[in-house]
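>>> Sharing a model prediction with you, sequence too.
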Amino acid sequence: MFCLSYTDRPPGPSGPGRLPVVESRRPRDMSDIRVRFAPSPTGNLHVGSARTAIFNWLFARHHQGTFILRIEDTDQERSKPEYTRAILDGLRWLGVDWDEGPEAGGDCGPYFQSRRRSFYDEALQRLRHEGKVYPCFCTPERLQDLRTAQLSAKQNPRYDGRCLALADDEVAQRIAAGEPFALRIKAARLESVEWTDLCKGLVSIGPEMLDDIVVAKSDGYPTYNFAVVVDDITMGISHVIRGEDHISNTPKQILIYRALGATPPRFAHIPMILGEDRSKMSKRHGSTNVVEYERQGYLSEAFFNFMTLLGWSPSDDQEIFTRDEVVRRFSLDRVSPSGAIFDINKLKWMNGMYIRQLSPAEMLDRAEPFLSTLEGYPGDYSREQRVEIARQLRERIELLTEITDAAGYFFHEPAEYDEKGLAKAAKTPDLAAVMEDLAAALATTEPFDEAGIEAAVRQLAEARGMGAGKVIHPTRLALSGRIAGPGLFEMMHVLGRARCVTRLRRFVERHPWEF
RNA sequence: GGCGCUAUCGUCUAGGGGUUUAGGACGCCGCCCUCUCACGGCGGUAACGGGGGUUCGAAUCCCCCUAGCGCUACCA
């Protein structure tokens, strides 16, 4: 039996009013580590949550623990099923797989908060029974007034305990009268709440900050903090690894653990990912949806590697890691305590590194979705030839999307020629004749391979008493319209005799350099 | 306003009392390689927020200030 829950417990000798005891599972050994990623489906998987998911996953895999995915969909207004789908897809793209959760099952389900109501109700019932919680009849208006008054008095807003002071018979009366009420926890406000954060060290929150927080809303639904704690207890979570924006939730949750008589898990609050302006990354910082990076031509493994280094670093200078290497080396004590700006520049560089590591065949496969949008693709090129094109372009692009632009001329004639290139080409004496001669030579070059082509080009330059460059550059321009690209001879080899000859002649006809 | 977290090159970071003329990576600049571009190689640019302590010695420990960020709901 893996998990404890309020409902799964054996009936036992519980008389009326006897409620099951809630216990927290403490990690007994390394294999007992259970962590969770708990997104709310109110949007796509964005980079901040993705990194949280990755760190949780890394921690679980490193310790051979369990990685759980839990969907916190209790926000009826904003939660959408399609977002759950999007989050799942995002995690899959990242290669972050979960052992328990939606579509994976597990002993601690259900994994959607919206279906765990009975757990919360039962815990609430028990808390009421034990007197750890009291009804609060204060209206939202009064609470709001209280808050503004405290704020203007430069005080920290907190509940004034009015309903705690209510006499028992009055409480009973008002409840009987059907007056709506929320449930607040009776927090001991005498001492600080502190915990040793695995990332931040000792964090201590003074008693003046502690409040009788609401655990059940007047409509009966549990609050976020309460649901999280009940879920984490019943799912046997040993380590809560989350963004540091949750630090202020932690004391509240610890109070709930105490009321429930459970030992809190270990907490690790990892730093935020920041936008260019150093504020928490959000939509206004551009692409925050993880799968958007796929569309932009990033490789999943490069993105993963990059995210890994945002806030974590190994003990040496290594930066490029396979997934297994990071799993092996990851540890929370090497997670930096300060926020990190998402540097798209470095991501691009890293993506380029991964692209260059791809085999030519794989490069072609990965680029295929982008290539297929190209006019004239794949034309009469064999797979072998397309692999060769991919090989030639591999070290010249950093994003898969760039291949569309880089490979265009292989599949259709250049529509125009680079201006600077034309200016330079014009300096080659008798350019038209040279190009004409080359076309003629090429028509009979045998074999039409890299060496054969190179010999033809160099012979022609020599015959005319000019440097090879004087022929090479205009030729590249005539064939590709570009002044940059793969080595001319290997490029001509894939292009093939027919295309080379016609494009050379078209170039002469067009005469674009004389303006 | 209150509370909390953070503070090393522009960016990601190493370094956690003497081993540091503060190391690596991205970016940028230069050189080499070379048919161009790119890759690759080599070199350069650039940082311990400020002030007080503690100590023989502080980027490293403590305090204050400052700055940035976060949280401050019967939202999650």
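On my side now, so go ahead. Numbering: from 1, shown residues only, chains lettered A, B, ... in the order given.
>>> just for chain A, where's the confidence low?
Applying pLDDT under 70 to chain A picks out residues A:1-31, A:287, A:515.
>>> quick one, strands of it?
Assigned by DSSP state E, the strands in chain A fall at A:34-37, A:66-69, A:133-136, A:182-185, A:193-197, A:201-205, A:214-216, A:239-243, A:266-270, A:273-274, A:340-341.
>>> Buried deepest among the ones you listed, which one?
The highest mean neighbour count among the strands of chain A, using mean count of other C-beta atoms under 10 Å, belongs to strand A:34-37: a mean of 26. Quick note: C-beta positions are derived from backbone N, CA and C, even for glycine.
>>> And the residue in chain A sticking out farthest from the centre, how far from A:His473?
Most distant residue from the mean C-alpha position of chain A: A:Ala463, 59.2 Å away (C-alpha atoms, centre = their mean). Shown here: A:Ala463 relative to A:His473, a distance of 18 Å by C-beta to C-beta, to the nearest Å.
>>> Over to A:Asp73?
61 Å.
>>> Looking at the two, which one has more neighbours?
A:Asp73 (20 against 17; other C-beta atoms under 10 Å).
>>> Identify the residues contacting the residue lying closest to that one once chain neighbours are set aside.
Leaving aside its sequence neighbours, A:Asp73 sits nearest to A:Ser79 (C-beta to C-beta, 6 or more residues apart in numbering; 4.2 Å). Applying C-beta atoms under 8 Å, 6 or more residues apart in numbering, we find A:Ser79 in contact with A:Ser40, A:Pro41, A:Thr42, A:Asp73, A:Ser114.
>>> what about the third one, how many neighbours?
Going back to what we said before, that points to A:Thr42. So A:Thr42, with other C-beta under 10 Å, has 14 neighbours.
>>> The first one too?
Burial of A:Ser40 is recorded as 19 neighbouring residues (other C-beta under 10 Å).
>>> From what I see, it and A:Gln76 are in contact.
No: A:Ser40 is beyond contact range of A:Gln76, at 11.3 Å (criterion: C-beta atoms under 8 Å).
>>> What are the boundaries of the helices in the stretch 1-150 of chain A?
Counting by DSSP state H, counting those that start in this stretch, the segments of the stretch 1-150 of chain A that form helices are A:47-62, A:81-94, A:117-129, A:140-152.
>>> what does the stretch 401-515 of chain A give?
A:402-411, A:419-425, A:431-444, A:450-463, A:468-480, A:488-495, A:497-510.
>>> what packs against the fourth one?
Judged by 3 or more C-beta pairs under 8 Å, 6 or more residues apart in numbering; DSSP states H and E, the packing partners of helix A:450-463 are helix A:431-444, helix A:468-480, helix A:488-495.
>>> Around RNA strand B, which positions in the stretch 101-250 of chain A sit nearby?
A:113, A:136-140, A:143, A:147, A:151, A:154-157, A:159, A:180-182, A:200-201, A:203-206, A:208-209, A:214, A:217-219, A:221, A:223-225, A:244-249 (C-beta under 7 Å from any atom of the strand).
>>> Let me have the helices and strands packed on helix A:450-463 in TSV, adding distance to RNA strand B as columns.
TSV is the format used below for those (distance: least, C-beta to the nearest atom of the strand, whole Å):
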stretch	distance to RNA strand B
helix A:431-444	13
helix A:468-480	4
helix A:488-495	4
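>>> got a list of what A:Leu190 touches?
So A:Leu190 contacts A:Pro207 (C-beta under 8 Å, 6+ apart).
>>> How about the backbone phi and psi for it?
Dihedral angles of A:Leu190 (phi, psi; degrees, to the nearest 10) stand at phi -90, psi -30.
>>> Can you pull the residues of the stretch 301-450 of chain A lying near RNA strand B?
With C-beta under 7 Å from any atom of the strand as the criterion, the stretch 301-450 of chain A meets RNA strand B at residues A:309-311, A:313, A:315, A:317, A:319, A:334, A:336-341, A:343, A:345-346, A:349, A:352-353, A:356, A:395-396.
>>> show me what contacts the nearest residue to A:Leu309 once chain neighbours are set aside?
The shortest distance from A:Leu309 to any residue other than its chain neighbours is 6.4 Å, reached at A:Glu319 (C-beta to C-beta, 6+ apart). For A:Glu319, the contact set (C-beta under 8 Å, 6+ apart) comprises A:Asn305, A:Leu309, A:Met350.
>>> who touches the last one in this structure?
The neighbourhood of A:Met350, defined by C-beta under 8 Å, 6+ apart, consists of A:Ala302, A:Asn305, A:Phe306, A:Glu319, A:Ile320.
>>> Which members of those are the farthest-apart pair?
Using C-beta to C-beta, the contacts of A:Met350 span at most 11.4 Å, a distance reached by A:Ala302 and A:Glu319.
>>> Would you mark the buried spots in stretch A:359-375?
A:Pro360, A:Met363, A:Leu364, A:Arg366, A:Ala367, A:Phe370, A:Leu371, A:Leu374 (16 or more other C-beta atoms under 10 Å).
>>> Now go through those residues and say which are in helices.
A:Pro360, A:Met363, A:Leu364, A:Arg366, A:Ala367, A:Phe370, A:Leu371 (DSSP state H).
>>> Need the max-distance pair from those.
Longest span within these, C-beta to C-beta: A:Pro360 and A:Phe370, 15.8 Å.
>>> re the thing from before, list just the nearest of the contacts of A:Met350 to A:Ala390.
Nearest to A:Ala390 among the contacts of A:Met350, with distances taken as C-beta to C-beta, is A:Ala302, at 16.9 Å.
>>> Thought A:Leu358 was touching that closest one, still the case?
No: taking contacts as C-beta under 8 Å, A:Ala302 lies outside contact range of A:Leu358: 10.4 Å.
>>> which one of these two has more residues nearby?
Comparing A:Ala302 with A:Leu358 by other C-beta under 10 Å, the one with more neighbours is A:Ala302, at 23 against 19.
>>> give the contact list for A:Gln253.
A:Gln253 touches A:Asn225, A:Val228, A:Val229, A:Pro264, counting by C-beta under 8 Å, 6+ apart.
>>> Run through the residues that contact A:Lys141.
Check again: residue A:141 is Glu, not Lys. So A:Glu141 contacts nothing (C-beta under 8 Å, 6+ apart).
>>> how far away is it from A:Asn56?
From A:Glu141 to A:Asn56 the distance is 40 Å (C-beta to C-beta).
>>> Please measure how far the first residue of stretch A:409-429 sits from its last one.
Taking C-alpha to C-alpha, to the nearest Å, the first and last residues of stretch A:409-429 lie 26 Å apart.
>>> quick check, distance from that stretch to the centre of its chain.
42 Å (C-alpha atoms, centre = their mean, to the nearest Å).
>>> Buried residues, it. List them.
A:Tyr409, A:Phe410, A:Phe411, A:Pro414, A:Tyr417, A:Asp418, A:Gly421, A:Leu422, A:Lys424, A:Ala425, A:Thr428.
>>> any idea which of those residues is closest to RNA strand B?
A:Gly421 (8.5 Å; C-beta to the nearest atom of the strand).
>>> quick one: the closest one and A:Gly485 touch, right?
No: at 11.0 Å, A:Gly421 does not count as touching A:Gly485 under the criterion of C-beta under 8 Å.
>>> list the residues that contact both of those two?
A:Arg476.
>>> Is it possible to get JSON lines of the contacts of A:Met350 that adds distance to A:Glu292?
Listed next are the contacts of A:Met350 as JSON lines, based on distance: C-beta to C-beta, whole Å:
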{"residue": "A:Ala302", "distance to A:Glu292": "15"}
{"residue": "A:Asn305", "distance to A:Glu292": "18"}
{"residue": "A:Phe306", "distance to A:Glu292": "15"}
{"residue": "A:Glu319", "distance to A:Glu292": "24"}
{"residue": "A:Ile320", "distance to A:Glu292": "23"}
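>>> Could you tell me which of those residues are located in helices?
A:Ala302, A:Asn305, A:Phe306.
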